[in-house]
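Visitor: What follows is a predicted protein model with its sequence.
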Amino acid sequence: MNNNTLIEAQHLSRHYGPNIAVNNIQFELNRGEVVGFLGPNGAGKSTSMQMITGNLAPTTGSIGICGIDLLDKAKQAKAHIGYLPEQPPIYKELTVDEYLKFCARIHRVEKISVTAAVDKAKQRCGLTKTGQRLIGNLSKGYQQRVGIAQAIIHSPAIIVLDEPTVGLDPIQIREIRTLIRELGEEHGVILSTHILPEVQMTCDRLQIIRDGELVYQDTLENLSQQSRGSCAVIGLSKEVEQDKITALPDVASVERLSPKRWRLLFNDGCKPVPQIAKQVVDNDWGLTELIPEQKSLEDIFLDITTSEEEHPAEENVPAKDDTA
Amino acid sequence: MIVTIAARELRATFLSPIAWTLIGVTQIILAFIMGSGLENYVRTIQPRLHLYLTPPDITSEVIVPQYMWLAIIMIVISPLLTMRVFSDERKNKTLTLLVSAPISMTEIVVGKYLGLLAIVCIMLATYTVMPLTLLFFGNLDFGLLFSAILGVFLLMAACMAIGLFISSLTENPLIAAMLSFFLILLLSIIIFAQGESPDVFSLAHLSLFQHLMAFVNGLFSTHDLVYYLLLITAFLILAIRRLDSDRLQH
């Protein structure tokens, strides 16, 4: 393990009775990286987060936090983690300052540096003006910010945020995303969400989890490269038989959108748009449009999370009878 | 770390109206009890003081019964003080904050318990002001007074440990309060299960009140002290185990 690996999770599983919430997940988090955990509701995102932060013991597997085993030396390992759970763990009867001071203290921030740490966290989360207010009187968005401030107050190496932008207004969401990007520069951030644009805007790497299993894992850069140009829409002014369209170079399958418009799906890794254009013009089919389509993250997400839905891996799906 | 958690617990209790109300109401009840005790002493005992070989003094006749009453009131009050300790944290999902922090479950539980003990000390201090006003009119038996205070303190400390454990079981403060009340009441009334002879073991030995008697009679008894300490330790360990089991696999 090199020095930059902050989290190394291996073969993580967690069972709840007969249900398997998380099944044999492995992943790494490096310094200076924002990793997005994406998945539909109930896929096991929060369970994974809870295991990483020591709130839940995994049934099997091991978690290394900055080289320290979380299960053996929980106290030392937890000192490196800042965690914002789904519901921010705030004491509504305290003021923001009091609360953050308490958080700093229980995270073992030295007494003399507590005030500085509180000020820094407040400044980063845009809470400088609300220090004296009772947390219970703040709006949901501000409470969420207090939750984030709590997670970064001891400047941990790892920041785990479970759906950090839920309940925020669009401006706040943008601010929080900027903050997450900033945090990702010096810390390692794990972000769980089901909001797709959020992942696109903030994350370096993406992990999609479905029914407790990690089904996709890649950098966002690779993803956008891969997805670019994997299909195209072609419009012709003449009606052409389907066989002829399918015979175009590197076309895997075609879909008829209207009598004169087709969607072409290319073979994996091929980018035959120029050749196709040439051939169509040569055949004189009357090319009116040829638009390479980029598969959006949403498409990929839906592909991955809904594929095999008809044949779900049986052990993972709790008794759910749709046909009944 | 423990101190930080204890301080927050103390603060949380005094930020809510519960502690203030309980202290105030109890004070009124104790004032009434002390008033009637004093009246009784002045009317029936004082005129006959010359008849006694060892005349009963005001501490044993007025003040100690007041602490006995306090102990009884405590059965009702202590569940109200302990009910929200862990159930509120569960309900508001703030327990995560403590569990995620680099502190052990033992530190969390002991910290919270010390916070409760601090509340108990503050309450006892306010209740003791009234008996001390009698110093204006005469002398008190301080040995007996302190022994009674210590006894009631131990009883309250035991109630706090029981309540803290029960509060770790549920996320509903009301249920926590009810359960602690019943458990403490049960542990109190089994004092009536006295055996035929003192040599035979009887359930009364487990009673919270049985072990208070020596203290209110002015006897510092290590055997009763050990009872309370064991009871407190047992319930704190139970609470630690309970909270740890949230995390673990069943």
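Guide: On my side now, so go ahead.
Visitor: Return the set of buried residues in stretch A:143-162.
Guide: Neighbour-count burial for stretch A:143-162, with 16 or more other C-beta atoms under 10 Å in any protein chain shown as criterion, is recorded at A:143-154, A:156-162. In this view, the C-beta of every residue, glycine as well, is placed from N, C-alpha and C.
Visitor: Helices of chain B, start to end?
Guide: Applying DSSP state H to chain B gives helices spanning B:2-15, B:17-40, B:58, B:64-82, B:84-91, B:95-100, B:105-132, B:142-167, B:173-189, B:212-216, B:222-247.
Visitor: brain fart, the stretch 151-300 of chain A
Guide: Listed in chain order, the helices found in the stretch 151-300 of chain A under DSSP state H, counting those that start in this stretch are A:170-186, A:196-202, A:220-227, A:242-246, A:273-283, A:297-306.
Visitor: so which of these comes closest to chain B?
Guide: When these are compared by C-beta to the nearest C-beta, helix A:170-186 sits nearest chain B, at 17.0 Å.
Visitor: which residues of chain A score low on pLDDT?
Guide: Scanning chain A for pLDDT under 70 picks out the ranges A:1-3, A:224-229, A:269, A:294-297, A:307-324.
Visitor: What residues does it have near chain B?
Guide: Within chain A, the positions near chain B by C-beta under 8 Å from any C-beta of the partner chain are A:14-15, A:17, A:53-57, A:59, A:74-76, A:78-79, A:81, A:83, A:85-87, A:89-94, A:102-103, A:105-108, A:150.
Visitor: any weak-confidence spans in chain B?
Guide: Regions of chain B meeting the criterion pLDDT under 70 cover residues B:195-201, B:249-250.
Visitor: Out of the buried residues of stretch A:143-162, which sit inside strands?
Guide: For the buried residues of stretch A:143-162, the ones inside strands are A:I158, A:I159, A:V160, A:L161, A:D162, with DSSP state E as the criterion.
Visitor: need the contact list for the most centrally placed residue in chain B.
Guide: With distances taken as C-alpha atoms, centre = their mean, the residue of chain B nearest its centroid is B:M156 (1.0 Å). Residues in contact with B:M156, defined by C-beta atoms under 8 Å, 6 or more residues apart in numbering or on different chains, are B:A71, B:M74, B:S78, B:V120, B:M123, B:L124.
Visitor: For the third one, grab the count of nearby residues.
Guide: Spelled out, that is B:S78. B:S78 has 28 neighbours, counted by other C-beta atoms under 10 Å in any protein chain shown.
Visitor: just the last one next, same as before
Guide: Residues lying near B:L124 (other C-beta under 10 Å) number 17.
Visitor: repeat for B:A148
Guide: By the criterion of other C-beta under 10 Å, B:A148 has 28 neighbours.
Visitor: Let me know the distance separating it from B:D141.
Guide: Applying C-beta to C-beta, to the nearest Å, the value for B:A148 to B:D141 is 10 Å.
Visitor: Overlap of the contact sets of those two?
Guide: Shared contacts of B:A148 and B:D141, defined by C-beta under 8 Å, 6+ apart, comprise B:G218.
Visitor: give me the element the residue nearest the centre of chain A is part of.
Guide: Computing the C-alpha centroid of chain A and ranking residues by C-alpha atoms, centre = their mean puts A:G36 first, at 2.5 Å. Here A:G36 is covered by strand A:33-38, with elements defined by DSSP states H and E.
Visitor: now for the following helix or strand past that strand, which elements pack on it?
Guide: Past strand A:33-38, heading to the C-terminal end, the next element that is a helix or strand (DSSP H and E) is helix A:45-52. Counting contacts by 3 or more C-beta pairs under 8 Å, 6 or more residues apart in numbering or on different chains; DSSP states H and E, the secondary-structure elements packed against helix A:45-52 are strand A:5-16, strand A:19-30, strand A:33-38, strand A:60-65, strand A:158-162, strand A:188-193.
Visitor: just the angle between helix A:45-52 and strand A:158-162, please?
Guide: Per axes from the mean of the first three to the mean of the last three C-alpha atoms, to 10 degrees, the angle that helix A:45-52 makes with strand A:158-162 is 150 degrees.
Visitor: hmm, who's touching helix A:45-52?
Guide: Contacting residues not belonging to helix A:45-52 are listed as A:7, A:9, A:12, A:14, A:21-22, A:25, A:37-39, A:56-58, A:63, A:65, A:70, A:81, A:83, A:85-86, A:158, A:160, A:162, A:190, A:192, A:194, A:209, A:212 [C-beta under 8 Å, 6+ apart].
Visitor: Can you check what angle separates that helix from strand A:19-30?
Guide: Inter-element angle recorded for helix A:45-52 and strand A:19-30: 60 degrees (by the same axes, to 10 degrees).
Visitor: What separation is there between the nearest residue to B:P79 once chain neighbours are set aside and B:L117?
Guide: Spatial nearest neighbour of B:P79, excluding adjacent residues (C-beta to C-beta, 6 or more residues apart in numbering or on different chains): B:S180 at 3.9 Å. Going from B:S180 to B:L117 by C-beta to C-beta gives 16 Å.
Visitor: need the residues of chain B near chain A, please.
Guide: B:1, B:4-5, B:8, B:11-12, B:15-16, B:92-104, B:247-250.
Visitor: Among those, the buried ones, what's the ChimeraX command?
Guide: A single ChimeraX command suffices to select whichever of the residues of chain B next to chain A are buried according to 16+ other C-beta under 10 Å:
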select /B:1,4,5,8,11,12,15,92,94,95,96,97,98,99,100,101,102,103,104
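Visitor: Am I right that A:V96 is in contact with A:G147?
Guide: No - assessed by C-beta atoms under 8 Å, A:V96 is found out of contact with A:G147, at 11.1 Å.
Visitor: what's the neighbour count on residue 73?
Guide: In the absence of a named chain, this looks at chain A. Burial of A:K73 is recorded as 12 neighbouring residues (other C-beta under 10 Å).
Visitor: sorry, should have said chain B
Guide: Under the neighbour criterion other C-beta under 10 Å, B:I73 is assigned a count of 17.
Visitor: With A:T59 instead?
Guide: For A:T59, the count of nearby residues is 17 (other C-beta under 10 Å).
Visitor: do the same with B:L10
Guide: Other residues near B:L10 number 20, with proximity taken as other C-beta under 10 Å.
Visitor: Contacts only, for it.
Guide: Residues in contact with B:L10 (C-beta under 8 Å, 6+ apart) are B:G115, B:A118, B:I119.
Visitor: Also B:T26?
Guide: Counting by C-beta under 8 Å, 6+ apart, B:T26 has contacts B:L70, B:I73, B:I77, B:M123, B:Y127.
Visitor: now do B:H205
Guide: Residues near B:H205 by C-beta under 8 Å, 6+ apart: none.
Visitor: just B:V85 next, same as before
Guide: For B:V85, the contacting residues are B:E9, B:K112, B:L116, B:G163, B:L164, B:S167, B:S168, by C-beta under 8 Å, 6+ apart.
Visitor: make it 10 Å
Guide: When the contact criterion is C-beta atoms under 10 Å, 6 or more residues apart in numbering or on different chains, the partners of B:V85 are B:9, B:12-13, B:109, B:112-113, B:115-116, B:160, B:163-168, B:173, B:176, B:239.
Visitor: Equivalent analysis for B:L179, please.
Guide: With C-beta under 10 Å, 6+ apart as the criterion, the residues that contact B:L179 are B:P79, B:M83, B:I162, B:G163, B:F165, B:I166, B:S167, B:L169, B:T170, B:N172.
Visitor: same thing but at 8 Å, please
Guide: Applying C-beta under 8 Å, 6+ apart as the definition, the contact partners of B:L179 turn out to be B:I166, B:L169, B:T170.
Visitor: was I right about the first one contacting B:T82?
Guide: In this case it means B:I166. Yes - the pair formed by B:I166 and B:T82 meets the contact definition of C-beta under 8 Å, at 7.3 Å.
Visitor: which residues do these two both contact?
Guide: Contact criterion C-beta under 8 Å, 6+ apart; residues shared by B:I166 and B:T82: B:A176, B:S180.
Visitor: Take the helices of the stretch 151-300 of chain A and lay them out in CSV including mean neighbour count and distance to B:L230.
Guide: Formatted as CSV, the helices of the stretch 151-300 of chain A follow (neighbours: other C-beta atoms under 10 Å in any protein chain shown; distance: least, C-beta to C-beta, whole Å):
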stretch, mean neighbour count, distance to B:L230
helix A:170-186, 16, 49
helix A:196-202, 19, 54
helix A:220-227, 14, 59
helix A:242-246, 12, 84
helix A:273-283, 14, 81
helix A:297-306, 16, 55
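Visitor: Perfect, that will be all.
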